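Q: Pasting the sequence and the predicted coordinates here, then a few questions.
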Amino acid sequence: AMGQVLLNSRQQLPDVAEIERANREREHRIADASLREIRFNEDLQRLRDLDGQVDERLATLPPAEVTPELRAQVREQLERQRELLGQAQEANQAYLRLLGELDFAAQELLRTVNAYRDFLAQHLLWTRSAPPVMGLDAFTSVPRALTWLLSPAHWLQVGQVLLYEASGSPIFWITLVPLAWLLFRQGFYRRAILNGAERLRRVQTDSFRHTLAGLAYTLLLALGWPLLMADLGWRLEVSPAATAFTKGVGFALISVSSGFFSLRFFKLLCMPGGVADRHFRWTGSVLSLIRRILTWASALLVPIGFVVALLFADPNATFGLGLQRLSLIALMLGLTLFLARLIHPTQGVLQNYLALHPEGWPNRLRLFWYFGILAIPLGLSALALAGFVYTAATLFGSLVKQLWLILILVILQQSILRWLGVTHRRLA
């Protein structure tokens, strides 16, 4: 399919960041070579007057020691130096020309890659990247893809690359040690959140800075494991011993680490005695519901998301196309289940608000917006079945980002209300 060809060509495009990094290094080399050219010109300019240079070098000797033979030897050495400087200047000029030609070619390559990437961004999204599902034949490659995915030899490569990094890369330990300390301090961060909440009981000790501190400690508490996933994924990608499979695993770990962090952060935000409980004053039933939903969502969506990212990172995308599509649909159905439970009008987090405002438009239109929201991931699943796998994956990623943005705005809104409440209590 043309969409698969375009997708493969997109995956094989040179890394723009790597090209730009090489261009910056080349600029430094060009600057160094230009500086050497200036020095060569200065040295050759001085050596034009050989007699003057001979006199200058022999000026410190007593006149009795300056013999014609000595002057001849010094002049001979200066002539040799001038000859070598001329050769070095010619080599440096040739090097500068080659660097200039290479820089011009690299700039052209960068423009071409960016132009082709823009072209693919405009045309790839609505181009089929796989045949539509007309029956079970579309999933005949699933057993072979599962064998590839679960191959012990592949996962042995992951262990070997991590062992190679641990034994030979200082950066591995430079990044791992702070993460280990962050994980070791999780008990302290949890106690700090609970202790900070105790100060809210009295007006004299209540302050909005306790809320900011609680959010910061919650952030640190949630960061440990996702950062460890991202760090290990980074080392698996950039290691000199990396293979195609380990690079895919690294890409997948990095891809799901942000989603895992978001789920973990909002779950910790809603822990008993946490920020949502004591600072934002959310009801216990809502907090308990959110914790249950986020617990099973982390256990379900993160592993499926890892498989999806690993299969999309596979340069031979047609190999796991059936499993790729199947796992992507499973991820979308999991998100649908997550949203169905979270925003249910009578059993979700909005149940209290809708019960208090029975005549409001949100309650009157509850079936419309509820099923409308659920139709989005279900519609993306239909797109994947129709062959628009890349389109569905891209739009799904945008949908997830929008959901996290909404949750961030909720936290911001609750923080503003908390600040206004503290200010009002102090003025009363």
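A: Right, received. Where do you want to start?

Q: what packs against the lengthiest helix in the chain?
A: When every helix of the chain is counted residue by residue (DSSP state H), the longest turns out to be helix 68-123. The helices and strands touching helix 68-123, judged by 3 or more Cβ pairs under 8 Å, 6 or more residues apart in numbering; DSSP states H and E, are helix 2-11, helix 16-46, helix 50-58. C-beta here means a position set from N, CA and C on the backbone, and glycine is covered the same way.

Q: What's the mean pLDDT across the second one?
A: Translated: helix 16-46. The average pLDDT within helix 16-46 is 89.

Q: cool, and stretch 157-168?
A: Model confidence over stretch 157-168, given as mean pLDDT, is 92.

Q: can you check stretch 141-149 too?
A: Averaging pLDDT along stretch 141-149 yields 82.

Q: what does stretch 180-189 give?
A: Averaging pLDDT along stretch 180-189 yields 92.

Q: Then stretch 278-285?
A: Over the span of stretch 278-285, the pLDDT mean works out to 90.

Q: Next, the buried residues of it.
A: Of the residues in stretch 278-285, those buried under the neighbour-count criterion (16 or more other Cβ atoms under 10 Å) are Arg278, His279, Phe280, Trp282.

Q: per-residue pLDDT, Ile304?
A: Ile304 is assigned a predicted lDDT (pLDDT) of 94.

Q: Excluding sequence neighbours, find me the nearest residue to it.
A: For Ile304, ignoring the flanking residues on the chain, the nearest one in space by Cβ to Cβ, 6 or more residues apart in numbering is Leu331 at 4.7 Å.

Q: just Ser34 next, same as before
A: Once flanking residues are discounted, Ser34 sits nearest to Leu96: 6.9 Å by Cβ to Cβ, 6+ apart.

Q: Next, work out how far apart that neighbour and Leu35 are.
A: 11 Å (Cβ to Cβ, to the nearest Å).

Q: Those two - which one has more neighbours?
A: Neighbours were tallied for Leu96 and for Leu35 using other Cβ atoms under 10 Å; the higher tally belongs to Leu96 (16 against 10).

Q: which SS state does Val286 fall under?
A: Applying DSSP: H, G, I helix; E, B strand; the rest coil to Val286 yields a three-state assignment of helix.

Q: Who are the contact partners of it?
A: With contact taken as Cβ atoms under 8 Å, 6 or more residues apart in numbering, Val286 is in contact with Val349, Asn352.

Q: State the phi and psi torsions of His344.
A: As for His344, its main-chain torsions (degrees, to the nearest 10) stand at phi -60, psi 130.

Q: Quick check: it touching Phe338?
A: No: the pair His344 / Phe338 is not scored as a contact, 11.2 Å apart, by Cβ atoms under 8 Å.

Q: With neighbour numbers in mind, choose between the two.
A: Remark: of His344 and Phe338, Phe338 carries more neighbours, 19 against 15, as counted by other Cβ under 10 Å.

Q: can you pull the contacts of that one?
A: In this structure, Phe338 makes contact with Ile293, Ala297, Leu301, judged by Cβ under 8 Å, 6+ apart.

Q: Can you tell me which of these is nearest Leu356?
A: For these, the residue nearest Leu356 by Cβ to Cβ is Ile293; the value is 21.8 Å.

Q: residues contacting that closest one?
A: Contacts were defined as Cβ under 8 Å, 6+ apart; by that measure Ile293 touches Phe338, Arg341, Leu342.

Q: Look through this protein and report the residue furthest from the middle.
A: When distances are taken from the C-alpha mean of the chain, Ala64 lies farthest, 75.5 Å away, according to Cα atoms, centre = their mean.

Q: on that earlier part again, same question for the helix or strand where the residue nearest to Ile304 lies, mean pLDDT?
A: When elements are assigned from DSSP states H and E, Leu331 belongs to helix 321-342. For helix 321-342, mean pLDDT rounds to 90.

Q: Output that helix in CSV with nothing but the alpha carbons.
A: What follows is helix 321-342 as a C-alpha-only set of coordinates in CSV (Å, rounded to 0.1, in the frame of the first residue of the first chain):
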residue,chain,number,x,y,z
LEU,A,321,1.0,-5.2,11.2
GLY,A,322,-1.7,-7.5,12.4
LEU,A,323,-0.5,-7.4,16.1
GLN,A,324,0.2,-3.7,15.7
ARG,A,325,-3.4,-3.0,14.6
LEU,A,326,-4.8,-5.4,17.2
SER,A,327,-2.9,-3.9,20.1
LEU,A,328,-3.7,-0.4,19.0
ILE,A,329,-7.4,-1.2,18.9
ALA,A,330,-7.1,-2.8,22.4
LEU,A,331,-5.5,0.4,23.7
MET,A,332,-8.3,2.5,22.3
LEU,A,333,-10.9,0.2,23.8
GLY,A,334,-9.1,0.3,27.1
LEU,A,335,-9.2,4.1,26.9
THR,A,336,-12.9,3.9,26.1
LEU,A,337,-13.5,1.8,29.2
PHE,A,338,-11.4,4.2,31.3
LEU,A,339,-13.5,7.2,30.1
ALA,A,340,-16.8,5.3,30.4
ARG,A,341,-16.1,4.7,34.1
LEU,A,342,-14.5,8.0,34.9
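
Q: Quick one: name whatever helix or strand follows it.
A: The element immediately downstream of helix 321-342 (helix or strand, assigned by DSSP H and E) is helix 351-356.

Q: Contact partners for the residue positioned nearest the centre of the chain?
A: Nearest to the centroid of the C-alpha atoms of the chain, with distances taken as Cα atoms, centre = their mean, sits Ile254, at 6.3 Å. Residues touching Ile254, when contacts are defined by Cβ under 8 Å, 6+ apart, comprise Met229, Ala230, Gly233, Trp234, Glu237.

Q: same deal with His357?
A: For His357, the contacting residues are Asn363, taking Cβ under 8 Å, 6+ apart as the criterion.

Q: Could you rerun that using 10 Å?
A: In this structure, His357 makes contact with Asn363, Arg364, judged by Cβ atoms under 10 Å, 6 or more residues apart in numbering.

Q: same deal with Leu156?
A: Going by Cβ under 10 Å, 6+ apart, Leu156 touches Phe245.

Q: give me phi/psi at it?
A: Per-residue torsions, Leu156: phi -70, psi -40 (degrees, to the nearest 10).

Q: same question, Gln204
A: Dihedral angles (degrees, to the nearest 10) for Gln204: phi -60, psi -30.

Q: That one and Val422, how far apart?
A: Plainly put, Gln204 is 12 Å away from Val422 if you go by Cβ to Cβ.
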